[in-house]
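Enquirer: what follows is a predicted protein model with its sequence.
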Number of protein chains: 2
Amino acid sequence: MAIPTQYPVIAIGGAEDKVGECTVLRSFFDSAGGTQATIGIVPCASQEPSVVGARYHRIFNAMGAQAVQVLDMQRPQECDEGRWLQLLDACTGIFLSGGDQIRLFDFIHGSTFITAIKERLRMGTLAVAGTSAGAAVMGEKMIAGGSSGESPNRSLVNLMDGLGIVPELLVDQHFHNRNRMARLLSAVAAHPDKLGMGLDEDTCAAFRGDGTFQVMGKGTVTIIDSGALTHTNYRFSDLTSPLSLHNLRVHILSEGDHYDYQRRRVGAPSLEVTS
Amino acid sequence: MAIPTQYPVIAIGGAEDKVGECTVLRSFFDSAGGTQATIGIVPCASQEPSVVGARYHRIFNAMGAQAVQVLDMQRPQECDEGRWLQLLDACTGIFLSGGDQIRLFDFIHGSTFITAIKERLRMGTLAVAGTSAGAAVMGEKMIAGGSSGESPNRSLVNLMDGLGIVPELLVDQHFHNRNRMARLLSAVAAHPDKLGMGLDEDTCAAFRGDGTFQVMGKGTVTIIDSGALTHTNYRFSDLTSPLSLHNLRVHILSEGDHYDYQRRRVGAPSLEVTS
């Protein structure tokens, strides 16, 4: 069952519209096949997986999906069980809910379940969306937590490995909403080879599968590219010293903007004709 | 009485240390002549000018200034009165307190008092420092107010004329502390010819008088340079639409870093030998 997915991966900044036009959730629904979609909801980032699972179940059902299932694993070890792989096989879309990204990572990483998801993405037969914690896990490195209200410094962010769905990225969410610029800058200072991506609420980066993504939704996507960095004091800084980062390239992207994250080039809607 | 001032202008991000080493306030004290300084405190940004004035009076007295005076104007019209100009004449340093930048602007702009301050700066016989509201007024354009917690958009920031002490700048304060990245970005989108400067608390940009400044204090100074901007939707955006800004150059500067704001070039401490 190969349904062409316009956006195989969608990273959402959290707090997406669930009652109005649902622009962001609908883009995932469409990419998963629309009325032909079988959607699997993975709510295990949440401490209340059944509540969260049921909420998204109602939403995708109301949109008219052919089938919606909540993959409500109870323990990390379960992810290797055949029943989840069988359910995944039937899915055209997987939705990773919000909650705690460490919990989500603990459930899924290293499992046959995530291996199968990545294989299906490679084959182009699956759409995967993640919101908040579900977006945070997408990079090879992940912001596991941190704080705000301070100048960029090493202690401001806790970094761990992520699921590596889009390895190039270092994702933060609820971005301008929760004052997370300083912590994303601190994360990029630790991993300057990664591309910092700050997702605002009700906003998503919709990846096309060709190394580019497009922005949709109410807010902005902030890109921090340290590819031309000329100086940082990161290595020589103690945990709480303010960081220096010279010559960052930063893009503020809004609805319709697109970005080539492999070539690190940005484009506006009007320049979008060919690629 | 010509006392050479190392840093004729110092812009402070607010909440500077007033009880410990007072690094930031001491740099102003030294630039005003140290124990030979006559310091004039202008507290009129504050709704409690006598309280604020007295606090800084105690601090600079304790540091050992030769004389400290509070220039406690009660009404905007007063600024043209000769008595304030006479007090200013005797000063080697003027300190602009925090409070409301609109109030400070209303008191001082267009007066013989600010004209005299600028003339003394040109002659190199005065040091001027401003904290919080006192820093906000430094540019030709000023962030008069705004909000936070949203994506960059036109409604996020109220812009007015500033006092133009360093015309090239568009200053924001309490920067990472109060989630002001989005509002400074919105301000820069409105005035892309200006250099966005975000000052963290207990941190300052100390201007040398040669077109460069140096960073001192506990946090960072963020510079947003839109000189290489390739696209913005600012003109075509309504008030609350998210903004696009492609190819901003951003620098996070910390203690010892310096920046040439006329040539728009950044330097690290180790590169600082000659200029």
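Expert: Ah, there it is.
Enquirer: where do the strands sit along the stretch 101-250 of chain A?
Expert: Chain-ordered strands for the stretch 101-250 of chain A, with DSSP state E, counting those that start in this stretch as the definition, fall at A:127-131, A:141-146, A:157-161, A:169-172, A:195-199, A:203-207, A:212-217, A:221-225, A:231-232, A:245-253.
Enquirer: next up, the contacts around the residue lying closest to residue A:165 once chain neighbours are set aside.
Expert: Nearest residue to residue A:165, sequence neighbours excluded (CB to CB, 6 or more residues apart in numbering or on different chains): residue A:138, at 4.6 Å. Yep, even glycine has a C-beta here, placed from its N, CA and C like the rest. Taking CB atoms under 8 Å, 6 or more residues apart in numbering or on different chains as the criterion, residue A:138 is in contact with A:9, A:11, A:130, A:162-166, A:169, A:171.
Enquirer: what's the ChimeraX line that selects buried ones from the residues you listed?
Expert: Of the contacts of residue A:138, the buried ones can be selected in ChimeraX as follows, counting by 16 or more other CB atoms under 10 Å in any protein chain shown:
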select /A:9,11,130,162,163,164,165,166,169,171
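Enquirer: backbone phi and psi for the nearest residue to residue A:164 once chain neighbours are set aside, please?
Expert: With sequence-adjacent residues excluded and distances taken as CB to CB, 6+ apart, residue A:164 is closest to residue A:140, at 4.3 Å. Reported as degrees, to the nearest 10, the phi and psi values for residue A:140 are phi -70, psi -30.
Enquirer: correct me if wrong: residue A:140 contacts residue A:167.
Expert: Yes: at 3.9 Å, residue A:140 counts as touching residue A:167 under the criterion of CB atoms under 8 Å.
Enquirer: thinking again about what came up before, turn the contacts of residue A:138 into JSON lines, including pLDDT and distance to residue A:152.
Expert: Compiled in JSON lines, these are given as follows (pLDDT from 0 to 100; distance: CB to CB, whole Å):
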{"residue": "A:9", "pLDDT": "98", "distance to residue A:152": "28"}
{"residue": "A:11", "pLDDT": "98", "distance to residue A:152": "22"}
{"residue": "A:130", "pLDDT": "98", "distance to residue A:152": "25"}
{"residue": "A:162", "pLDDT": "98", "distance to residue A:152": "21"}
{"residue": "A:163", "pLDDT": "98", "distance to residue A:152": "25"}
{"residue": "A:164", "pLDDT": "98", "distance to residue A:152": "25"}
{"residue": "A:165", "pLDDT": "98", "distance to residue A:152": "26"}
{"residue": "A:166", "pLDDT": "97", "distance to residue A:152": "24"}
{"residue": "A:169", "pLDDT": "97", "distance to residue A:152": "19"}
{"residue": "A:171", "pLDDT": "98", "distance to residue A:152": "17"}
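Enquirer: in which helix or strand would I find residue A:51?
Expert: Secondary-structure element containing residue A:51, defined by DSSP states H and E: helix A:49-63.
Enquirer: how much space between the residue nearest to residue A:165 and residue A:168?
Expert: Look at residue A:138 and residue A:168: by CB to CB, to the nearest Å, they are 10 Å apart.
Enquirer: now the lowest-mean-pLDDT helix or strand in chain A: buried residues?
Expert: Least confident element among the helices and strands of chain A, by mean pLDDT, DSSP states H and E: strand A:265-267 (a mean of 93). Taking 16+ other CB under 10 Å as the basis for neighbour counts, the residues of strand A:265-267 that come out buried are A:266-267.
Enquirer: that one vs chain B: in contact?
Expert: Yes: if you take CB under 8 Å from any CB of the partner chain as the test, strand A:265-267 does meet chain B, through residue A:266.
Enquirer: helices or strands up against that strand?
Expert: The elements that strand A:265-267 packs onto, with contact taken as 3 or more CB pairs under 8 Å, 6 or more residues apart in numbering or on different chains; DSSP states H and E, are strand A:258-260.
Enquirer: could you dump stretch A:213-222 to CSV, C-alpha only?
Expert: Included here for stretch A:213-222 are C-alpha records, laid out as CSV according to Å, rounded to 0.1, in the frame of the first residue of the first chain:
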residue,chain,number,x,y,z
PHE,A,213,11.4,21.7,4.2
GLN,A,214,8.6,24.2,4.0
VAL,A,215,7.1,26.3,6.8
MET,A,216,3.4,26.1,7.6
GLY,A,217,1.2,27.5,10.4
LYS,A,218,0.8,30.5,12.7
GLY,A,219,4.4,31.3,13.7
THR,A,220,7.9,31.2,12.6
VAL,A,221,10.7,28.6,12.3
THR,A,222,14.1,30.0,13.3
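Enquirer: what average pLDDT does it get?
Expert: For stretch A:213-222, mean pLDDT is 98.
Enquirer: again with stretch A:36-45
Expert: Here the average pLDDT along stretch A:36-45 is 98.
Enquirer: what's the neighbour count on the closest residue to residue A:106 other than its chain neighbours?
Expert: Taking CB to CB, 6+ apart, and ignoring the residues beside it in sequence, residue A:106 has residue A:76 as its nearest neighbour in space, at 5.3 Å. Under the neighbour criterion other CB atoms under 10 Å in any protein chain shown, residue A:76 is assigned a count of 16.
Enquirer: likewise residue A:98?
Expert: Residues near residue A:98, counting by other CB under 10 Å: 23.
Enquirer: and it, how far is that from chain B?
Expert: As for residue A:98, its distance to chain B is 18 Å (criterion: CB to the nearest CB, to the nearest Å).
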